[in-house]
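Participant: sequence and predicted structure, then a few things I'm wondering about:
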Amino acid sequence: MNFENALVVTFGRSGSTLLQGLLNSIDGCLVRGENHNLCYGLFWAYEALCRAKTEHVGTDKVTSPWFGAGLLDPDQFVIDAREVLRRQLLAGTKPGQVQCWGFKEIRYLPSDLADKRLKGTSNKIWLRYLEFLGKLFPACAFIVLTRNVEQVAESGWWKDHPANKVAAALAEFDQLREDWGGGKSNVFHIDYDDIVNTTPRLQAMFDFLGAPYDKQRIDGVLGTSHSYGNRSTPDARAPEPAPAWKPKIMAHDTPTELVTLDPAPTKAGPATLGGVVVLTTTINDECALFATVGKSRYRVEWQLPSPKAAVRYPGNPRAANGRFKIVGVQLEPGVPVDLWLVQGGAKRQLLGKWSPSSS
């Protein structure tokens, strides 16, 4: 593999446990689960140590309140902390068994890292913390995972928070990860939609890590329940029900650069479906989208803002407005929802479908 360590940087209900499963399907790769932000405590200790050393020089006399502060060694602290983490996270493994190790953590929203004991705003603390992790893991792959705001807002404990505050928190995270990770060769951004729709971005992540893309293993992981549904304790949170209509990309040999389908609701009846379709830059014909459910046809609202696609495909001006929405589509048991591209007013091509889980 290309890295000695791998950290998943994300927030709650982003699909991080599923990503954890994919990473652990790689031979020689061990990515542990959450640890209540263990490294943040090390970061706080490092900041305190640096501050004591730099603010209290000339304290070599025993009569000084800061006696010995000048002898503190931040670099050695990082080395020692790295060894502590290695022993903790590799517990139970055999020597030589693991080539790349790390963990995933969901406590990376700026509000999670706010600390009055540290100087600076929560955003500045966030950036300093990520830079510290880079020192702690000098040969590390940082995999930043995001997810559609609407999906997060309707998932787990986020339902108890105002939607506008959820959107603001995730937008702040998105901006910070771009400010910090932009241009870094060891930082890779992937979205939950890329994982569940197995877009080319998922394979690119394996290439980034220097790991083989084993489709059979990946399909096995994607077909296995992850997250809280696997907990057996009485107070475990109830798992989210599996989608009754599973998204499936069919955009082979089509003039598209990106096609993603958002997960569908789990019950029959009126629903709003969405996703992103970005055409290639070589298409000059007028194009439109429409959807069908059996013999019924539905209008698709297209060319809505898609900022994440714009970041991913900076050379394609269409990527900035690739999101689509289908309002009021009637989900019928056993009947798929097909998404079509009409090119030049005549040629029709199937881009994808939401297939009932029984089909």
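Facilitator: Looks like it arrived, so ask away.

Participant: in the helix or strand where residue 278 lies, what counts as buried?
Facilitator: Taking DSSP states H and E as the definition, residue 278 sits inside strand 269-279. Using 16 or more other CB atoms under 10 Å as the test for burial, strand 269-279 gives 271, 273, 274, 275, 276, 277, 278, 279. Glycine gets a C-beta too; all of them are placed from N, C-alpha and C.

Participant: closest to residue 355 among those?
Facilitator: residue 273 (12.7 Å; CB to CB).

Participant: pull the CA atoms of stretch 184-196 into CSV?
Facilitator: Provided in CSV are the C-alpha atoms of stretch 184-196 (Å, rounded to 0.1, in the frame of the first residue of the first chain):
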residue,chain,number,x,y,z
LYS,A,184,-2.5,17.6,-0.5
SER,A,185,-1.5,14.4,-2.2
ASN,A,186,-2.3,12.3,0.9
VAL,A,187,-5.9,13.6,1.3
PHE,A,188,-8.8,11.9,-0.6
HIS,A,189,-12.4,13.0,-0.6
ILE,A,190,-15.2,10.5,-1.2
ASP,A,191,-19.0,10.9,-0.8
TYR,A,192,-21.4,8.3,0.5
ASP,A,193,-23.1,8.3,-2.9
ASP,A,194,-19.9,7.2,-4.5
ILE,A,195,-19.8,4.2,-2.2
VAL,A,196,-23.3,2.9,-2.4
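
Participant: hmm, who's touching that stretch?
Facilitator: Stretch 184-196 is contacted from outside by 3, 14-15, 18-19, 22, 140-148, 151, 177, 180-181, 199, 201-202, 204-205, 208-209, 222, 247, 260-263, 275-276, 308, 311-312, using CB atoms under 8 Å, 6 or more residues apart in numbering.

Participant: any of these buried? List them.
Facilitator: Looks like those have 3, 14-15, 18-19, 22, 140-148, 151, 177, 180-181, 199, 201-202, 205, 208-209, 247, 260-263, 275-276, 308, 312 buried, using 16+ other CB under 10 Å.

Participant: give me the subset of those lying in strands.
Facilitator: 140, 141, 142, 143, 144, 145, 146, 247, 260, 261, 275, 276 (DSSP state E).

Participant: beta partners of the third one?
Facilitator: It refers to residue 142. Residue 142 has these beta-bridge partners by DSSP bridges: residue 7, residue 187.

Participant: what pLDDT does it get?
Facilitator: Note on residue 142: pLDDT of 98.

Participant: numbering from 449 from now on, please.
Facilitator: Fine by me, first position is 449 from now on; the one you just mentioned is residue 590.

Participant: how far away is residue 598 from residue 481?
Facilitator: 26 Å (CB to CB, to the nearest Å).

Participant: sorry, slip of the keys, the one I care about is residue 465.
Facilitator: Counting by CB to CB - residue 465 and residue 481 are separated by 7 Å.

Participant: TSV for the ones in strands among the buried ones among the contacts of stretch 632-644, including distance to residue 539?
Facilitator: What follows is those, written out as TSV (distance: CB to CB, whole Å):
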residue	distance to residue 539
588	20
589	22
590	23
591	23
592	27
593	25
594	31
695	38
708	38
709	40
723	42
724	41
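
Participant: from residue 489, how far out is the residue nearest to residue 558 when sequence neighbours are not counted?
Facilitator: Counting by CB to CB, 6 or more residues apart in numbering, residue 558 lies nearest to residue 570, which is 4.0 Å off, once chain neighbours are set aside. Noted for residue 570: a distance of 17 Å to residue 489, by CB to CB.

Participant: point to the residue nearest the middle of this protein.
Facilitator: residue 593 (1.2 Å; CA atoms, centre = their mean).

Participant: what's the closest non-adjacent residue to that residue?
Facilitator: That would be residue 458: by CB to CB, 6+ apart, it lies 4.0 Å from residue 593.

Participant: more crowded one of residue 465 and residue 481?
Facilitator: residue 465 (19 against 14; other CB atoms under 10 Å).

Participant: what ranges do the helices span in the stretch 649-798 of the chain?
Facilitator: For the stretch 649-798 of the chain, the helices defined by DSSP state H, counting those that start in this stretch occupy 663-670, 755-760.

Participant: what's the offset of the longest one from the middle of its chain?
Facilitator: Pointing back at helix 663-670 there. 18 Å (CA atoms, centre = their mean, to the nearest Å).
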